[in-house]
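Engineer: I'd like to go over a predicted model; first the sequence, then the structure.
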Amino acid sequence: SAAEKDGYASFMLKEIAEQPKAVADTLLGRIDGSGSLTLDEVRIPANVLREVDKVVIVACGTAFHAGLIAKYAIEHWTRIPCEVELASEFRYRDPILDQQTLVVAISQSGETMDTLMALRHAREQGAKVLAICNTNGSTIPRESDAVLYTHAGPEVAVASTKAFLTQLVACYLVALYLGQVRGTKWADEIRAVVRDLSSVSGAVDRVLGTMGPVRELARSLAAKDTVLFLGRHVGYPVALEGALKLKELAYMHAEGFAAGELKHGPIALIEDDLPVVVVVPSPRGRSVLHDKIVSNIQEIRARGARTIVIAEEGDEAVVPYADHLIRIPATPTLLQPLVATVPLQVFACELATARGNEVDQPRNLAKSVTVE
Ligand code: AGP
């Protein structure tokens with residue numbers, strides 16, 4: 001009903017707007033001012049976590065994209081090798097798992113059959129399973145060794161938004177916690193990131209306050225057939241997520257690519273006035289990647305693409321090549337997906353609405369997929 005939507009035109013818009021709170025709630029009680037983490041729910045004993053020699057993440061759809069981003073954080077902060085696999089593919093390839101494998105199953109609903117079957121398979125092989133889940137008492141956490149709940153609140157719209165941001169937060173917490181328990185040499189960085197995480201909810205709020213031009217742009221593209229998305233590093237899964245949102249909501253051909261792959265094929269798709277959304281990494285820190293992606297933007301623009309550039313405030317290098325520029329607040333490299341995803345959600349929601357689609361209930365889709 002209209003009352004349940006709190007005055008928003010759709011649950012999706014309401015849930016997009018709830019993201020700053022969802023992020024803050026997921027951090028609440030888990031990080032403190034001194035930069036340390038308390039994850040009491042992770043009932044896997046510290047000595048077991050210290051023995052972990054491989055992390056395997058299984059998930060579907062948007063939760064899989066959160067897993068792809070988690071890999072960067074886990075490997076960087078813990079130096080434990082991490083694989084990410086679509087839950088629907090996982091058990092069919094006879095994966096190598098044992099008591100030293102930590103499997104992380106990410107699921108908003110906690111009822112996704114593909115993810116459930118993957119975690120059952122992992123436990124049969126002796127692996128420990130940690131669930132990241134938004135639904136209290138659902139099947140996936142019940143069947144796992146431990147659970148870290150995301151506190152997004154109920155997500156009604158079929159397209160996942162606030163659950164995704166909180167899945168990212170939970171993944172960062174797990175990565176940092178593993179680093180903390182194992183006492184890696186990154187302890188100082190871990191403390192700094194914990195502090196950065198506490199300001200991220202405010203950054204998401206600021207992004208939401210600047211979405212007017214993104215909505216206008218989305219409406220102007222309603223008659224297009226295709227939109228491409230490019231990113232690198234953690235921006236690559238963000239590009240995949242932007243494309244998935246557009247497919248499910250606008251029923252458009254949308255594809256995400258790693259920007260470095262352009263020259264290996266996808267650049268052949270570029271034609272006059274094709275909208276291409278590019279997620280630009282921060283010019284600070286990994287500046288090599290930043291410069292490479294600026295060249296990619298130049299290359300596609302020279303071939304006629306209409307460039308829609310998502311870049312950090314103060315990044316002036318992108319300005320000459322951006323037909324449309326969407327600014328996001330500066331964040332540490334690994335945390336950028338928390339702010340960079342938000343404009344893509346708004347973009348897909350608005351474009352779908354302009355095409356006359358029902359955003360909360362896209363055709364052919366169900367909120368939770370309980371069949372394999
Ligand atoms: C997201 O927008 C999708 N509707 C879908 O990909 C979803 O993320 C996927 O089905 C996994 O669901 P879960 O998180 O409930 O397991």
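Structural biologist: Yep, it's here. Residues are numbered from 1 along each chain as shown.
Engineer: those strands in the stretch 51-200 of the chain, which residues are they?
Structural biologist: Along the stretch 51-200 of the chain, counting by DSSP state E, counting those that start in this stretch, strands occupy 54-59, 82-86, 101-107, 128-133, 146-149.
Engineer: what's the closest of these to Ala259?
Structural biologist: In terms of CB to CB, the element of the strands of the stretch 51-200 of the chain nearest to Ala259 is strand 82-86, at 19.3 Å. Glycine gets a C-beta too; all of them are placed from N, C-alpha and C.
Engineer: mean confidence for the closest one?
Structural biologist: Regarding strand 82-86, the rounded mean pLDDT is 98.
Engineer: Which one of the strands of the stretch 51-200 of the chain lies nearest to the ligand?
Structural biologist: Each of the strands of the stretch 51-200 of the chain has some distance to the ligand by CB to the nearest ligand atom; the shortest is strand 101-107, at 3.3 Å.
Engineer: The closest one and the ligand in contact?
Structural biologist: Yes: Strand 101-107 lies within reach of the ligand by CB under 6 Å from any ligand atom, at Ser107.
Engineer: quick one on the thing from earlier: format the strands of the stretch 51-200 of the chain as JSON lines; extra columns: mean neighbour count and distance to Ala322.
Structural biologist: Below are the strands of the stretch 51-200 of the chain laid out as JSON lines (neighbours: other CB atoms under 10 Å; distance: least, CB to CB, whole Å):
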{"stretch": "strand 54-59", "mean neighbour count": "25", "distance to Ala322": "33"}
{"stretch": "strand 82-86", "mean neighbour count": "19", "distance to Ala322": "31"}
{"stretch": "strand 101-107", "mean neighbour count": "28", "distance to Ala322": "33"}
{"stretch": "strand 128-133", "mean neighbour count": "27", "distance to Ala322": "35"}
{"stretch": "strand 146-149", "mean neighbour count": "20", "distance to Ala322": "38"}
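Engineer: could you measure the spatially closest residue to Ile57 that is not a sequence neighbour against the ligand, distance?
Structural biologist: Spatially, and ignoring its direct neighbours in sequence, Ile57 is nearest to Gly67 (3.8 Å; CB to CB, 6 or more residues apart in numbering). For Gly67, the distance to the ligand (CB to the nearest ligand atom, to the nearest Å) stands at 10 Å.
Engineer: Look through the stretch 1-150 of the chain and state the residue closest to the ligand.
Structural biologist: Closest point on the stretch 1-150 of the chain to the ligand, by CB to the nearest ligand atom, is Gly61, at 1.8 Å.
Engineer: At which residues are the helices of the protein located?
Structural biologist: 11-17, 19-27, 46-51, 61-78, 87-90, 113-124, 139-142, 162-182, 187-197, 200-208, 212-220, 235-250, 287-302, 337-354 (DSSP state H).
Engineer: count of neighbours near Ile74?
Structural biologist: Residues near Ile74, counting by other CB atoms under 10 Å, number 26.
Engineer: hmm, back to that, worst mean pLDDT among the helices of the chain?
Structural biologist: Taking the mean pLDDT of the helices of the chain, helix 187-197 comes last: a mean of 84.
Engineer: Hey, what's the angle from that one to helix 200-208? Just curious.
Structural biologist: 50 degrees (axes from the mean of the first three to the mean of the last three CA atoms, to 10 degrees).
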